[in-house]
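J.: sequence below, structure please.
(2 chains)
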Amino acid sequence: MSRYDPAITEARWQKAWDAAGAFTARRDETRQKYYVLEMFPYPSGRIHMGHVRNYTMGDVVARYKSSCGFSVLHPMGWDAFGMPAENAAMERGGHPKEWTYGNIAVMRDQMKPLGLSIDWSREFATCDPEYYGQQQSMFIDFMEKGLVYRKNAVVNWDPIDMTVLANEQVIDGKGWRSGAVVERRELTQWFFRISDFAGELLEALDGLNDWPEKVRLMQANWIGKSRGLQFAFDTLGAPEGFDRLEVYTTRPDTLMGASFAAISPDHPLAKALETGDAKVAEFVAECRRIGTSEEALEKAEKKGLDTGIRVRHPFDPEWELPVYIANFILMDYGTGAIFGCPAHDQRDFDFATKYSLPIPPVFVAEGAEEAALTEAFVPMKSERVRFVRGFAGGQVQTGEEAVNAAIEACEARGVGRGVTNYRLRDWGISRQRYWGCPIPVVHCADCGVVAEKKENLPVRLPDDVTFDKPGNPLDRHPTWAATACPSCGKPARRETDTMDTFVDSSWYYARFTSPRAATPTDAADVDYWMNVDQYIGGIEHAILHLLYSRFFARAMQICGHLPEKAIEPFNALFTQGMVTHETYATRGADGRPVWQLPEDVVREDAGARLKDGTPVEVGPSIKMSKSKKNVVDPMDIITRYGADTARWFVMSDSPPERDVEWTASGADATHKHLSRVWRLAHEVTTRGAGNPAQDEALLKAMHKTIAEVTAGIEGFAFNKAVAKLYEFTNTFSKSDASAEAKRVAMLTMAQLMSPMVPHLAEDIWSMLGGAGLVAQAPWPKADPAMLVEDTVTLPIQINGKRRAEIVVPKDMPPAEVEKIALADDAVIKFLAGQPVKKLIVVPGRIVNVVV
RNA sequence: GCCCGAGUGGCGGAAUGGUAGACGCAGCGGAUUCAAAAUCCGCCACCGCAAGGUAUGUCGGUUCGAGUCCGACCUCGGGCACCA
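T.: Numbers count the residues shown, from 1 in each chain, chains lettered A, B, ... in the order given. Here you go, the predicted model:
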């Protein structure tokens, strides 16, 4: 055979790995463990390029670490609950369970040919009753530890379909199917007390040194610690029970610039006014049509309604401020009520301008005079400003100093108290949907809300459900909810809400350490395998999934399911970029976009069309997603060229943290390169003696490549590792070194390539007589003696511009380098006799002559 | 709107504050071939005949020296708590 045939070869090596049990993770106390995990996939139907990229990256790390002698755990599972399964059932009939397990079977079959070094014996899906039953058991533990509670919270309500909508299902304020204007509606829901951990989750970020700085920053901002003043206004003309209005402000130093107070439409006072005042009721109803997302709220036009109620300024009983209901005040942050200082907050400024309220400045720029404002003056808190209506601290101070002084001054006068607030809200986990983990509690008329007994777990989802009408099938199931109260035994009703799918993904990493255990985790296994040493996933999970997992690990530790060391479950995090693709859409009858698959679109110079000629709108290249249909099927590449080509391709070129735009070109070239390497290896077996005088040069290049590829893999710069391997391929190809040197060099190259293209590497390894499997061979080490160069080429700059270069011995003293540089013909020419003002010699780097 | 990123040849990208464009793709030229495929060799930022000049989204700044550091802006992307 003189050609590389992946179709045969890849299957053969996969069998060989299986036979050797190469990827079965074993608790081996004699070896250091390494747990590498990629964020597990949602079984959407077929694998896409993002999966190939993600899992190949993890595989490179897993195979590399294994070669370095670690006992590696590299598992795979399925994040299998969620809305799309129910949507599919509604659209196409069938059952979410069949749809989900069918997708899993397809995707598993697609992933296996990739040759990933996964321990498939640990596979599970979060919709397996064995998994969600353990989750229910932990929910009950959390209840016992006071980590769970119920309260009212708002949801998007579709008044036509009579169902709760996810934010994604609300488009321009309307339900995606019914088109009805969506309302905010309150429901009693289950919450995890993540906000109790706000301070700890924030502080512990400092210890996550192997997380990207940007993720830590995003999480810190999300948690949003602030120091401020909470105080109460006395009200005038408010309904009974609302004599005082509690507000929270992070800028108490601007209290003398207050011009109004504002409350959230969801504030109890707004609700009290709503019943007796048609205008308030109408305005509040309008506010409730904005939807529940913070984005929608912030983007909506800022509006308010004067309630007629007034509050007294705490420092001046004669000074009255109007109380507005304003659509931009969040009930979930602070007290749901604020005072507005338009001079120093742009949003308040716009509001005051709109409703003709006064705009008294509190401070001006240092050295400036008080003047009418055309926009809010909002300096950095660290900037010094001159207070013209201050009441605390010196006249000139920074915002920060003023805030602290104001809190002290207010506390001294008995106006409120300094409090630390967090933006982080408790985690609402109730979903009014079928395809999720049932919340294991029972509602009893006598006993109230009671946890299910653990021996009755799992509370299984019923199979006989229908999706022909909107709403929660569990709610309308004739018998499922009927049960006996675990406490008194009387007839009672099950909770019909299921859990947020983020719960499922908040502990799967721990379950992988003992996936069949009869308890959520097994002490010996979590102790050996935790933490995840390297976690890899999309940047889109930077906040929610990762924060929830950090919370969950703490909660599990409290309940005895994780050791203390695992409260930060991910030692190192790598956020890969996304695979993006252009989007294609035609227009539906209602004018809404109808997304089209790339494979159905014919791209033309002027635009794009469907195969039947329908014009297609081409949208920007964005994250591949099922909902936008801008997905490309990697299986085409695998069947045509083999898995190694797909793997090498996604590791080349783009740095892993950067988004990569998928284009069809390039796969062919990748395949050519791999064939070339194989051919070069094959030639080694047939060539003549060669020229031993060239051996050293080839082996030096080999050791340099070992160092560079190792550094590339360690540093998650796979694209650079690949580039260095290309370079070495060229060097190898041109070298006429001896047969033995070439054999050694090629064996090493196969090893260095093996994390990326394991099948090809095995083939070359066995062809050249390598011992055993390359997958189990120890990683090569670069010989430092072979990396040393004797001379160095120094560029010479004149006034920062490169004009010449000199070759000097590596360790030449700077004084001698200076002499040689100044004696250089090109340098003399460019200096043209001008005196040298300064001469900078950076040893081994550069010479700069300043004239 | 708020928080976080990214922007370098025709394209993907490389570059501890030290020769901008490694490596790859595409393109061009050549060898081989009856011809092709495959393979191999060479060229390849822009302007300029050249000397040389201009170039890392834009505008400023720090520095002997800036793609890299600082400030402002522009564009694109991610997240915004019920998409996963």
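J.: can you show me the helices along the stretch 151-300 of chain A?
T.: When assigned using DSSP state H, counting those that start in this stretch, the helices of the stretch 151-300 of chain A occupy the ranges A:198-203, A:213-223, A:268-276, A:278-288, A:294-299.
J.: and those helices as TSV, adding mean pLDDT, mean neighbour count and distance to residue A:190?
T.: Just so you know, the C-beta spots here come from the backbone N, C-alpha and C atoms, and that holds for glycine as well. TSV is the format used below for the helices of the stretch 151-300 of chain A (pLDDT from 0 to 100; neighbours: other Cβ atoms under 10 Å; distance: least, Cβ to Cβ, whole Å):
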stretch	mean pLDDT	mean neighbour count	distance to residue A:190
helix A:198-203	96	17	19
helix A:213-223	94	16	21
helix A:268-276	91	17	22
helix A:278-288	92	16	23
helix A:294-299	87	13	21
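J.: got CSV for the ones you listed, with distance to RNA strand B too?
T.: Supplementary listing: the helices of the stretch 151-300 of chain A in CSV, determined by distance: least, Cβ to the nearest atom of the strand, whole Å:
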stretch, distance to RNA strand B
helix A:198-203, 9
helix A:213-223, 3
helix A:268-276, 20
helix A:278-288, 15
helix A:294-299, 3
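J.: now those as a markdown table including distance to residue A:816?
T.: Output for those, formatted as a markdown table (distance: least, Cβ to Cβ, whole Å):
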| stretch | distance to residue A:816 |
| --- | --- |
| helix A:198-203 | 54 |
| helix A:213-223 | 42 |
| helix A:268-276 | 81 |
| helix A:278-288 | 78 |
| helix A:294-299 | 64 |
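J.: closest one to residue A:684 among those helices?
T.: Smallest distance to residue A:684 across these (Cβ to Cβ): 45.5 Å, for helix A:213-223.
J.: may I have the closest one as CSV, with CA atoms only?
T.: As requested, C-alpha coordinates have been extracted for helix A:213-223 and formatted as CSV (Å, rounded to 0.1, in the frame of the first residue of the first chain):
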residue,chain,number,x,y,z
GLU,A,213,-9.5,37.1,33.3
LYS,A,214,-12.5,38.2,31.2
VAL,A,215,-14.7,35.4,32.7
ARG,A,216,-13.7,36.4,36.3
LEU,A,217,-14.5,40.0,35.4
MET,A,218,-17.8,39.1,33.9
GLN,A,219,-18.8,37.1,36.9
ALA,A,220,-17.6,39.8,39.3
ASN,A,221,-19.8,42.4,37.5
TRP,A,222,-22.7,40.0,37.4
ILE,A,223,-22.5,39.4,41.2
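J.: circling back to that earlier point, residue A:392: which of the helices of the stretch 151-300 of chain A is closest?
T.: Each of the helices of the stretch 151-300 of chain A was scored for nearness to residue A:392 using Cβ to Cβ, and the closest is helix A:198-203 (26.2 Å).
J.: contacts for that closest one?
T.: Helix A:198-203 is touched from outside by A:194, A:219, A:220, A:223, A:225, A:420, A:422, A:424, A:547, A:550, A:551, A:554, with contacts defined as Cβ atoms under 8 Å, 6 or more residues apart in numbering.
J.: hmm, 10 Å instead?
T.: Defining contact as Cβ atoms under 10 Å, 6 or more residues apart in numbering, one finds that helix A:198-203 is touched by A:194-195, A:216, A:219-220, A:222-225, A:420-426, A:547, A:550-551, A:554, A:567-568.
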